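Trainee: just a sequence and a predicted model for now, questions to come.
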Amino acid sequence: MANAKCGVDKGGAFLTHKIYPESESFQLIITTAEVAGLSLEVALEAFGEHFVAYCQEMGYGNILRVLGSNLREYMNNLDTLHDHLELQYKGMDAPSFRCVEENDGSLLLHYYSNRQGLYPIVRGIVRYVGQEFFGQQVVANLDTDISDTSDHVVLRITTEGMDVDVMADALNLNSLSTKDSLLSNPSPKAAKSLLAVDTFSRAFPFHIIFNRDLEIIQAGRVVLRGLVAYKQQHGRLLLPDMFDIVRPRVECDFTAFIDHTHAVFVAASKRDVFDFGGRARRASATPEEGGAEVETLRLKGQMIYMEENDCMAFLCSPRVRSLEELAQHGLHLSDIPCHDKTRTMVLMSHERRGERSLMDRLEEASISLQVLHAQLNQEKERTVEVLMEILPSNIVASLLENKSVDAEQYDMVSILYSDVMGFTAMCANPLVRPIDVVHMCDKMYSYFDTLAITNNIYKVETIGDAYVAVSALPVYTDTHADQMVAMGLGMIQATKTIMSPAEKTPIRIRVGIHSGPTTAGVVGSKMPRYCLFGSTNTVANTWKWWTRT
C-alpha cells in the first residue's frame, strides 16, 4: 500500500551501490510519516537513527565505531567519511559537519547541506551515536533560528540530565594541549636538525605554505610545476584567488584555519589555475566532442599551524578516483610520494574496478530475479483465481498439490438446467448479427451469475445458451431445494429486461430443477472441467418448463 501511495516501485528492493534520485527518498519518508501518523520532523529523526543502524547491519559497523573516541572527534571524522564517499560515488552531494567546543562544555555542530529542512536526520544520527557508541543520552537542539532555505544549521549538543563538568568529561573535551603531549626530554640533535626547503618540497610535493595574508610563500615541486603559467600571468599567489575551501565549510580565513586544524580540508582549485601539461589532452576531450569534462583539481589534507614563522602549512594530496582521472589532470603516479596512501588507493581502485562491476551486475541480476519471482507469484495468484471460478475450492487445492482428484458421490443435491427458447433459429437468422447474440448471452449470464452468488449456488458450466447450476455441492445445505427454486424464479424475472436480437422482444427461457443423487468429478487434463453425472441431471434437463414473458 505504501509503495502505491508514494509512487516508487523498485520491485521491493534497491541496489546498494546505485545512486537514486533524491526525490524518491524524500517521497518514501513523507509517505512513511503519513502512513504511521507521525510528523515529518519525527519521521526524519527516526530515519536518521535507522540509517546508522542499517549501515551497521550492512557491514559498516566497524568503521563507524572507530571514527572517534568522543563525540566531537566522531562528527569531524564523519565529515571525512562523507568526503571519501563523495570520492567513490561521482555526483554524490554529501553534507558537511564540523564541531566547535564551547566554554560551557557543550558542542556546536555546524551542519552544511544543499538540501534544506533535513537537519532532523542529523539529530537522529547524533542521538543514536551518543547512545550506541558512547553510552550517553545526547540531546541536539537548534542553536539558532533557521529558514526553509537555510543550508547552514547549528545544533547545540548536550548530555541530558548532567551538569557542565560531568558533561564535558562525557563529551571528552578536556584534552591535553600540544605542548603537554611533547616528550619532556627530547634529543639534543632534534633541536639542531634542519630540513632544506628543496628536500621538504620533494618529500611533500603537494604541500602549500601561506602566511596570514593568505599569500602562498612555499609549495611542493608538483604544485609549483602546475602553477608556472598562472604565476607568470598573475605574479602574486593568493590562496582565495586560487582555491575554494570545500571541506570543512569555513571562510578562507587564517584564523578559521587555526580553529580547525583538527579537521580534514579539501580545497578545489579554480578554473585555469593548474596546468600540469595536460591542457592539450583536456581540450581534445571537450563535452561538445563527446569527451568527459574534467573537474578542477582537488587537494585533500591537513592544516598545520607553524608558530615559529606564523604560517600555515597545508599538507595535502591530489584527490582522484582513478588512473584515468589522474592522467586527465596531467599527473603521474611518480608525482605522488611512496609514503602517500593516495598512490595505493588509486591502484587498488583500478584493480578492483572489474570486481566492483561484477558485483554490481550480480546485484542487478539478483534484484531482477526478485522482481520476476514477485511477478511469478502474482501470475500464480491469478491462475488460482481463475481455477476457483471454474472448479470448487477443494478440487483446486488438490490440483495445486499435484494430488489425484477422484469422482465423488453426493446423496442429495438440487440441479438446475436452463436454455433459451428458439435459440437455434435465432442464430440461423441472417438478419441477426453474431455479435448481437454474444452480447445477449453475456448480459443474461451476468445476471445469472449474480443470482448464483446471492443464493449460494455453484455454477457448473454454460454451453451455448444452456446454464447449469447445482446446490448443496460441494458443501451440503438442507435448504438446497429452496435456494434453487429462488434461483430459477430470479432467472425468469431477470430475462424480462433482455431483448431478443431477432424479434426485439424479451427472450423466453426454459428452467428445469430436480433434486436427487449425483456423481461429480473432474474430466480432462488440458482444460479440466467439473461435470455432473446421473439420473438427476437427466430429469432436470428433460423436464424444463418454458416461461413466457
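Mentor: Looks like it came in fine.
Trainee: now do the helices in the stretch 351-500 of the chain.
Mentor: 353-390, 393-400, 423-428, 434-454, 480-494 (DSSP state H, counting those that start in this stretch).
Trainee: now the element after the helix or strand of the chain with the lowest mean pLDDT, going C-ward?
Mentor: Among the secondary structure pieces of the chain, namely its helices and strands, helix 279-283 has the lowest mean (mean pLDDT, DSSP states H and E), a mean of 42. On the C-terminal side of helix 279-283, the closest following helix or strand by DSSP states H and E is strand 298-306.
Trainee: endpoints of stretch 97-105, how far apart?
Mentor: The straight-line separation of the ends of stretch 97-105 (C-alpha to C-alpha, to the nearest Å) is 19 Å.
Trainee: which element is the residue nearest to residue 237 when sequence neighbours are not counted on?
Mentor: Here the nearest residue to residue 237 in space, its sequence neighbours aside, is residue 216; by C-beta to C-beta, 6 or more residues apart in numbering that works out to 4.1 Å. C-beta: built from backbone N, CA, C; applies to glycine. Secondary-structure assignment from DSSP H and E places residue 216 in strand 216-219.
Trainee: check which helices and strands that strand is in contact with.
Mentor: For strand 216-219, the helices and strands in contact under the criterion 3 or more C-beta pairs under 8 Å, 6 or more residues apart in numbering; DSSP states H and E are helix 197-203, strand 208-210.
Trainee: which other residues reach the longest one?
Mentor: Just to be clear, that refers to helix 197-203. Residues external to helix 197-203 that are found in contact with it (C-beta atoms under 8 Å, 6 or more residues apart in numbering): 207, 218-221, 224, 337.
Trainee: tell me which of the helices of the stretch 351-500 of the chain is the most buried.
Mentor: A comparison of these by mean neighbour count, using mean count of other C-beta atoms under 10 Å, puts helix 480-494 on top with a mean of 18.
Trainee: need the next SSE after that helix, C-terminal direction.
Mentor: Per DSSP H and E, helix 480-494 leads on to strand 509-523 as the next helix or strand towards the C-terminus.
Trainee: may I have that following strand exported as CSV, CA atoms only?
Mentor: Written as CSV, here are the backbone C-alpha positions of strand 509-523 (Å, rounded to 0.1, in the frame of the first residue of the first chain):
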residue,chain,number,x,y,z
ILE,A,509,-36.2,-19.4,-21.2
ARG,A,510,-37.0,-22.9,-20.0
VAL,A,511,-35.9,-23.9,-16.5
GLY,A,512,-35.7,-27.4,-15.1
ILE,A,513,-35.0,-28.3,-11.5
HIS,A,514,-34.7,-31.7,-9.9
SER,A,515,-33.3,-33.0,-6.5
GLY,A,516,-31.6,-36.3,-6.1
PRO,A,517,-28.2,-38.1,-6.0
THR,A,518,-25.4,-37.2,-8.4
THR,A,519,-21.8,-38.0,-9.1
ALA,A,520,-19.3,-35.2,-9.7
GLY,A,521,-15.7,-35.3,-10.9
VAL,A,522,-13.0,-33.5,-13.0
VAL,A,523,-12.8,-34.5,-16.6
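Trainee: partners of it in the sheet?
Mentor: Partner strands and pairing direction for strand 509-523 (DSSP bridges) are strand 408-420 (antiparallel), strand 529-533 (antiparallel), strand 545-546 (antiparallel).
Trainee: shaky segments in the stretch 351-500 of the chain?
Mentor: Low-confidence segments of the stretch 351-500 of the chain (pLDDT under 70): 351-356.
Trainee: surely residue 83 is in contact with residue 268?
Mentor: No. Residue 83 lies out of contact with residue 268 (C-beta atoms under 8 Å); the separation is 11.7 Å.
Trainee: pick out whichever of these two has more residues nearby.
Mentor: More neighbours sit around residue 83 than around the other of residue 83 and residue 268, counting by other C-beta atoms under 10 Å; the figures are 20 against 17.
Trainee: in what helix or strand does that one lie?
Mentor: Residue 83 belongs to helix 71-88 when elements are defined using DSSP H and E.
Trainee: what of residue 273?
Mentor: Under the assignment given by DSSP H and E, residue 273 is not contained in any helix or strand.
Trainee: please look at it and residue 242 and confirm they touch.
Mentor: Yes. With contact defined as C-beta under 8 Å, residue 273 reaches residue 242; the gap is 4.9 Å.
Trainee: now do the shared contacts for those two.
Mentor: For the pair residue 273 and residue 242, residues contacting each of them under the criterion C-beta under 8 Å, 6+ apart are residue 230.
Trainee: hmm, who's touching stretch 80-97?
Mentor: Contacts to stretch 80-97, defined as C-beta under 8 Å, 6+ apart, come from residues 17, 19, 63, 67, 75-76, 78-79, 109-115, 122, 247-249, 264, 266, 300, 319, 321.
Trainee: what about it, how long is it end to end?
Mentor: According to C-alpha to C-alpha, stretch 80-97 extends 9 Å from its N-terminal end residue to its C-terminal end residue.
Trainee: just give me how far it sits from the chain centre.
Mentor: Per C-alpha atoms, centre = their mean, to the nearest Å, the displacement of stretch 80-97 from the mean C-alpha position of its chain is 18 Å.
Trainee: how about stretch 121-137?
Mentor: Centroid separation between stretch 121-137 and its chain, computed with C-alpha atoms, centre = their mean, is 24 Å.
Trainee: flag every buried residue along it.
Mentor: Using 16 or more other C-beta atoms under 10 Å as the test for burial, stretch 121-137 gives 121-130, 132-134, 136.
Trainee: could you do stretch 37-51 as well?
Mentor: Within stretch 37-51, the residues that qualify as buried are 43-49, counting by 16+ other C-beta under 10 Å.
Trainee: save these as TSV, and put in secondary structure, pLDDT and distance to residue 525 too.
Mentor: Shown next, in TSV, are the buried residues of stretch 37-51 (DSSP: H, G, I helix; E, B strand; the rest coil; pLDDT from 0 to 100; distance: C-beta to C-beta, whole Å):
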residue	secondary structure	pLDDT	distance to residue 525
43	helix	90	54
44	helix	90	58
45	helix	89	60
46	helix	90	55
47	helix	90	54
48	helix	89	58
49	helix	90	57
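Trainee: would you map out the domains in this protein?
Mentor: Taking automatic domain parsing as the domain assignment, the ranges for the chain are 38-174, 196-340, 397-546.
Trainee: okay, now the unreliable bits of the stretch 1-150 of the chain?
Mentor: Ranges of the stretch 1-150 of the chain meeting pLDDT under 70: 1-19, 87-91, 145-150.
Trainee: would you map the helices across the stretch 101-250 of the chain?
Mentor: Shown for the stretch 101-250 of the chain, the helices assigned by DSSP H, counting those that start in this stretch span residues 119-134, 164-171, 188-192, 197-203, 221-226, 228-234, 239-242.
Trainee: which elements pack onto the fifth one?
Mentor: Other helices and strands packing on helix 221-226, by 3+ C-beta pairs under 8 Å, 6+ apart, are helix 197-203.
Trainee: swap the cut-off to 10 Å and go again
Mentor: helix 197-203, strand 216-219, strand 311-318 (3 or more C-beta pairs under 10 Å, 6 or more residues apart in numbering; DSSP states H and E).
Trainee: quick one: the following helix or strand past the longest one to chain centroid distance?
Mentor: Past strand 311-318, further along toward the C-terminus, the next helix or strand under DSSP H and E is helix 323-328. The gap between where helix 323-328 is centred and where its chain is centred comes out at 32 Å by C-alpha atoms, centre = their mean.
Trainee: and if you look at stretch 213-230?
Mentor: Here the centre of stretch 213-230 is set off from its chain's centre by 45 Å, with C-alpha atoms, centre = their mean.
Trainee: quick check: buried residues in that stretch?
Mentor: The neighbour-count check on stretch 213-230 (16+ other C-beta under 10 Å) flags 214, 216, 218-227, 230 as buried.
Trainee: circling back: using TSV, please lay out the helices of the stretch 101-250 of the chain together with distance to residue 365.
Mentor: Below are the helices of the stretch 101-250 of the chain laid out as TSV (distance: least, C-beta to C-beta, whole Å):
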stretch	distance to residue 365
helix 119-134	32
helix 164-171	47
helix 188-192	60
helix 197-203	48
helix 221-226	43
helix 228-234	49
helix 239-242	47
